[in-house]
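Asks: what's the 3D shape of this:
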Amino acid sequence: MGEHKKALKVLCEHKNFVIAANYCEQVFKEEKAKALKSNNALNALKKKKVNQSEYDFGNALYNPLFRDLIEVFLERKENQEDSDFLNFLNARAGELNAFETLRNLPDEIKSMNSQQFLLSIIKFSQHQLKQSQTKEGLAYNSLLKSMDRHAKATSRAVKVENGTLCTYCQQPISTSVFVVFPNLQIVHYKCLRNKEESKTKDLKEKDLSVHPRSNIDFKQNPWDL
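Replies: Model prediction:
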């Protein structure tokens with residue numbers, strides 16, 4: 001048996017159900033924060049098939065310790081106060097797996113106050129739905145803006161004629177390879193700066209994001225189309 005479940009058993013034996021619930025909440029917050037910070041390390045451990053915690057705190061939608069607390073309570077129900085347990089169900093409805101919880105509850109508890117628990121779940125679900133719809137709306141608006149920028153960027157064109165000059169060296173573009181920056185300025189490819197990290201290489205890579213004359217870094221400062 002895991003150490004957390006042992007701790008919950010001890011607390012419930014001493015009829016400290018409220019303290020046990022607070023213990024579950026505190027441990028879940030701490031462990032989830034740790035799991036999220038070390039997500040890359042955990043992925044590496046999974047690849048190496050190293051034994052991990054019995055709880056997947058990082059990916060948990062619900063607090064797994066609450067499931068254990070309910071199991072411990074039901075095992076020792078004859079020594080517990082139903083009121084604390086029912087208050088816990090109603091207060092923590094959004095943090096419990098509703099289907100799993102209702103399936104495990106005995107009939108006498110379901111008949112006592114399951115209606116309030118169900119109403120709490122419905123209220124939480126509606127709140128989650130509204131949040132999801134808001135996020136979906138914001139994501140859709142962001143997508144539309146990106147599509148608009150892409151359409152504007154791909155619909156623009158430059159015309160290179162005999163008299164077209166490189167905006168850096170002021171020499172004719174002619175038939176040379178050239179680059180067009182987002183502000184529609186044309187520069188010879190050979191006039192571009194070399195990337196800092198490639199200066200020591202025999203074959204120097206050109207920096208396509210920085211205009212050699214104006215020093216504008218279009219990667220860091222996107223041009224308003």
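Asks: neighbours around residue 117, how many?
Replies: 24 (other CB atoms under 10 Å). Just so you know, the C-beta spots here come from the backbone N, C-alpha and C atoms, and that holds for glycine as well.
Asks: surely it touches residue 90?
Replies: Yes. Using CB atoms under 8 Å, residue 117 is in contact with residue 90, at 5.7 Å.
Asks: ok, residue 207 - contacts?
Replies: 192-195 (CB atoms under 8 Å, 6 or more residues apart in numbering).
Asks: just the buried residues out of those, in PyMOL syntax.
Replies: Here is the PyMOL command that selects the buried residues among these (16 or more other CB atoms under 10 Å):
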select buried, resi 192+193
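Asks: columns distance to residue 131 on top of the contacts of residue 207, output as CSV?
Replies: Below are these laid out as CSV (distance: CB to CB, whole Å):
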residue, distance to residue 131
192, 46
193, 46
194, 48
195, 43
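Asks: can you add pLDDT and give the contacts of residue 207 back as a markdown table?
Replies: Output for these, formatted as a markdown table (pLDDT from 0 to 100):
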| residue | pLDDT |
| --- | --- |
| 192 | 93 |
| 193 | 89 |
| 194 | 87 |
| 195 | 78 |
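Asks: and the contacts of residue 207 as TSV, adding distance to residue 125 and secondary structure?
Replies: Converted to TSV, those look like this (distance: CB to CB, whole Å; DSSP: H, G, I helix; E, B strand; the rest coil):
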residue	distance to residue 125	secondary structure
192	55	coil
193	55	coil
194	57	strand
195	52	coil
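Asks: pick the one among the contacts of residue 207 closest to residue 134.
Replies: Residue 134 lies nearest to residue 195 out of the contacts of residue 207, by CB to CB, at 41.4 Å.
Asks: surely that closest one meets residue 205?
Replies: Yes. Between residue 195 and residue 205 there is a contact at 4.8 Å, judged by CB under 8 Å.
Asks: for the protein, which segments are assigned as helices?
Replies: 3-13, 17-37, 39-48, 64-75, 82-91, 98-104, 107-155 (DSSP state H).
Asks: what's the longest one packed up against?
Replies: Judged by 3 or more CB pairs under 8 Å, 6 or more residues apart in numbering; DSSP states H and E, helix 107-155 is in contact with helix 82-91, helix 98-104.
Asks: many thanks, have a good one.
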